[in-house]
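>>> Predicted coordinates and the sequence they were generated for:
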Amino acid sequence: MSKGSGKERGFTLLEVLIAVGLMSVIIMALYGTLFPVLASQKRLDAEIERITEVSRFMDIFSSEVRSSFFKTKNPYSLWTGELIETGSSATTRLTFTTLTHSAVGGVGGGRAGRDGDLVTIRYSAEESSEGGITLYKEVWNPYTGGGDGGFKIGIIEDIEGFEVTYYDGAQWAGAWGAALEARAPEAVKVVLSVRDAGEVREFSTVARARIR
């Protein structure tokens, strides 16, 4: 076998520099495309999480209103909606008693009747130390004044507003006092304003209370 006479040719420095330059351009183009996609995905995930959080609150709130309990002869039952100044705006502080099954809470000692146990729930929007507004939920035993398993938690942070209105069968009102009205409202509308992706969005629902 005869050996070839040609010499193997390597890459010149110029060719290496051109290849590195082209590779750098490709990598920068990929990063320039990838980062906006990742940022967009992150915003989408945050938006989905925010909507899920609000939807969960609306479902729970509606269920509690439907199971709300008020009787003038029961001193532990109540239905009160007040307007409270929070920072530069007014929000609602809503306090009412509702029936929950003993398997869920068991806080009321079963005194409200066969339907379940009576608990007091309060929703309020309060300004945090960082300046944002958080929607809080408090739950306590009306018979013990909160000494039996009462708690307070922040359920939705960074909200812009929490407004509740009450329907008396003829018109909507911005406040409600069961002691004065001698009954619970027939329906309740809640409007929750949250900041999402730099914009303020409003979510609302209407829950019809069960008149007892």
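Perfect, I can see it now. Numbering: from 1, shown residues only.
>>> Okay, strands next: where are they in this protein?
For the chain, the strands defined by DSSP state E occupy 79-86, 89-100, 117-127, 133-140, 151-167, 172-173, 176-177, 187-196, 199-208.
>>> How far away from the center of its chain is the first one?
Read that as strand 79-86. Mean-position distance between strand 79-86 and its chain equals 19 Å (Cα atoms, centre = their mean, to the nearest Å).
>>> Tell me which residues are up against that strand.
68, 70, 90-97, 124-127, 133, 164, 166, 174-179, 181, 184-185 (Cβ atoms under 8 Å, 6 or more residues apart in numbering). Yep, even glycine has a C-beta here, placed from its N, CA and C like the rest.
>>> what distance separates the helix or strand of the chain with the lowest mean pLDDT from the centre of its chain?
Sorting the helices and strands of the chain by mean pLDDT, DSSP states H and E puts helix 13-66 at the bottom, at a mean of 80. Computed by Cα atoms, centre = their mean, the chain-centroid distance of helix 13-66 equals 22 Å.
>>> tell me which strands and helices that helix is in contact with?
strand 89-100, strand 151-167, strand 187-196, strand 199-208 (3 or more Cβ pairs under 8 Å, 6 or more residues apart in numbering; DSSP states H and E).
>>> Point out where this structure drops to low pLDDT.
Counting by pLDDT under 70, the chain has low-confidence residues at 1-11, 34-35, 37-41, 86-89, 101-116, 129, 146-149, 197, 211-212.
>>> Number of residues surrounding Glu181?
15 (other Cβ atoms under 10 Å).
>>> Could you double-check that it lies in contact with Tyr167?
No - in this structure Glu181 lies outside contact range of Tyr167 using Cβ atoms under 8 Å: 11.7 Å.
>>> Setting the sequence-adjacent residues aside, check what's closest to Ser124.
Arg93 (4.3 Å; Cβ to Cβ, 6 or more residues apart in numbering).
>>> and the one you found, what is it in contact with?
Contacts of Arg93 by Cβ under 8 Å, 6+ apart are Gly81, Glu82, Leu83, Ile84, Arg122, Tyr123, Ser124, Ala125.
>>> neighbours of the fifth one, just the number please.
Put plainly, it is Arg122. 15.
>>> What of the third one?
The number of residues packed near Leu83 is 13, by other Cβ under 10 Å.
>>> and the gap between it and Ala29?
From Leu83 across to Ala29, the span is 55 Å (Cβ to Cβ, to the nearest Å).
>>> for the first one, same thing?
Distance, Gly81 to Ala29, by Cβ to Cβ: 57 Å.
>>> Over to Lys152?
52 Å.
>>> And these two? Which one has more around it.
Higher neighbour count among Lys152 and Ala29: Lys152, with 13 against 10, using other Cβ under 10 Å.
>>> The more buried one contacts Lys137, correct?
Yes - applying Cβ under 8 Å as the test, Lys152 and Lys137 come out as touching, 7.2 Å apart.
>>> Most neighbours of all the contacts of Arg93, which one?
So for those (other Cβ under 10 Å), the most neighbours sit at Ala125, 24 neighbours.
>>> Tell me who's in contact with that residue.
The contact partners of Ala125, taken as Cβ under 8 Å, 6+ apart, are Ile84, Thr86, Thr91, Thr92, Arg93, Ile133, Thr134, Leu135, Tyr136, Ile159, Gly161, Phe162.
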